[in-house]
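Student: Show me how the following folds:
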Amino acid sequence: MTADGVVQVFAPVGADGLGHKGAGYLLGDGLVMTARHVVAGASGRCEVRALNDTTWAPARVSCLGEADGDGALLSVDGPVGDVDRVRLGRLVGDERGGCEATGFPWAQLDRRDDVPVRKSEHVVGVIDRLSGQAHGVPPGLLTIHVQGAVPEPRKDGGSPWEGMSGAGLVCGELLVGVVIVDPAHFGQDRLLAVPLTRLIAAPEFADALSQARGQPVVLEAVEGQGCWSTPTTRRHRAGHGSPARSCLVPAMGSCRFARAQSLSSCATGRAAVRTLTWLWSPVPVGWARRALRASCARRLPLTAG
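Tutor: Numbering: from 1, shown residues only. From the prediction side, this is the model:
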């Protein structure tokens, strides 16, 4: 992820003047995505500051997502950061995948000239799509297993991650979600994030994001980044788990050989899969026909990723 997209967020909430402190991610064109609970109830304009900047810029809340989505958009009045328009993404499969996020948690609270200063914390972890799901409940938040050093518990019972909320969750070159909480009943090495798929499920949020960016919201498949040499499948051995649920076929133009290998394995039965997912991208008609033949040969449902 690029450091230029990381911003610190302050919202004037409460009468004590302390306000709410969190993080955000600059999407380009003065638009910042953050967590709803960081800026909800602000009595005035919020402020944002780029990671490597000393100047705060005023920002107004342009959209508050639904309460169970916990996302928000800020429109910055003035220069902040310098990033190209950020690409948005979503997870298609259920395999574990690497991720990263940068915020300003309480654990990084320091004092400089007797003034409290929050330093940044860059978190690297793994998203586990199979954790936190329940029967009959649509997939919700993303579980992040934090790798490396984690903060110690606070003596006052608060969360050492407080201030990390709103940090952009990035997989490769795609922004896929917003960090919102560290869950109860676990240690400090676990965080939760709300995926963009859940945020844009709310029409108001999707419309606000689309209008601010001047184009329809498109979520690219995270699994479609780069060139894959084999289908994404799990090894299936008797008594050791079950076959993978899907074969993810890259549709990017640079992945011609990988695409052919993926479809060939699925069509001949060498890949133990239950569904065939074509990672969305403009593709030649010939490749679409090939995917359809692979689907028919194995009687697999063919879905667009």
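Student: ok, which stretches of the stretch 51-200 of the chain are strands?
Tutor: 57-64, 72-76, 87-90, 97-103, 109-112, 115-118, 121-128, 142-147, 168-171, 174-181, 190-195 (DSSP state E, counting those that start in this stretch).
Student: Include mean pLDDT and distance to residue 155 when you put those strands into TSV, please.
Tutor: For glycine as for every other residue, the C-beta is placed from the backbone atoms N, C-alpha and C. Putting these into TSV (pLDDT from 0 to 100; distance: least, Cβ to Cβ, whole Å) gives the following:
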stretch	mean pLDDT	distance to residue 155
strand 57-64	94	33
strand 72-76	95	31
strand 87-90	94	39
strand 97-103	95	21
strand 109-112	80	13
strand 115-118	82	17
strand 121-128	95	19
strand 142-147	94	21
strand 168-171	96	29
strand 174-181	94	20
strand 190-195	94	20
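Student: Between those strands, which one is closest to residue 32.
Tutor: Taking Cβ to Cβ, strand 72-76 is the member of those nearest to residue 32, at 4.2 Å.
Student: The closest one: partners in the sheet, and parallel or antiparallel?
Tutor: Sheet pairing for strand 72-76, assigned by DSSP bridges, gives strand 31-34 (antiparallel), strand 57-64 (antiparallel).
Student: could you point out which element follows the one helix or strand residue 7 maps to?
Tutor: Using DSSP states H and E, residue 7 sits in strand 6-11. Using DSSP H and E, the helix or strand that follows strand 6-11 towards the C-terminus is strand 20-28.
Student: Residue 207 falls within a strand, correct?
Tutor: No: counting by DSSP: H, G, I helix; E, B strand; the rest coil, residue 207 falls outside a strand, being helix.
Student: tell me the pLDDT at residue 18?
Tutor: What the model reports for residue 18 is a pLDDT of 80.
Student: And for residue 79?
Tutor: pLDDT, residue 79: 79.
Student: Give me the distance between it and residue 173.
Tutor: When distance is defined by Cβ to Cβ, to the nearest Å, residue 79 is 24 Å away from residue 173.
Student: The two: which is more packed in?
Tutor: residue 173 (14 against 11; other Cβ atoms under 10 Å).
Student: doesn't residue 87 make contact with that one?
Tutor: Yes: counting by Cβ atoms under 8 Å, residue 173 touches residue 87, with 5.9 Å between them.
Student: follow-up on the earlier one: mind checking which of the strands of the stretch 51-200 of the chain is nearest residue 37?
Tutor: strand 174-181 (7.2 Å).
Student: Output that closest one as CSV, nothing but the C-alphas.
Tutor: Output of strand 174-181 as CSV, limited to C-alpha atoms (Å, rounded to 0.1, in the frame of the first residue of the first chain):
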residue,chain,number,x,y,z
LEU,A,174,-6.9,-2.8,-4.2
LEU,A,175,-8.7,-1.2,-1.3
VAL,A,176,-11.1,-3.9,-0.1
GLY,A,177,-12.5,-2.6,3.3
VAL,A,178,-12.3,-0.5,6.4
VAL,A,179,-10.9,-1.6,9.8
ILE,A,180,-13.5,-1.0,12.4
VAL,A,181,-12.9,-3.0,15.6
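Student: Show me where this structure dips below the pLDDT cut-off.
Tutor: 1, 17, 113-114, 136-139, 226-305 (pLDDT under 70).
Student: Using the record, which stretches count as separate domains in it?
Tutor: Using automatic domain parsing, the domain parsing of the chain gives 3-213, 227-304.
Student: Out of the ones you listed, which one sits most buried?
Tutor: domain 3-213 (a mean of 18; mean count of other Cβ atoms under 10 Å).
Student: what about it, start to end distance?
Tutor: 21 Å (Cα to Cα, to the nearest Å).
Student: so can I have a markdown table of the domains of the chain showing distance to residue 221?
Tutor: Listed next are these as a markdown table, based on distance: least, Cβ to Cβ, whole Å:
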| stretch | distance to residue 221 |
| --- | --- |
| domain 3-213 | 5 |
| domain 227-304 | 4 |
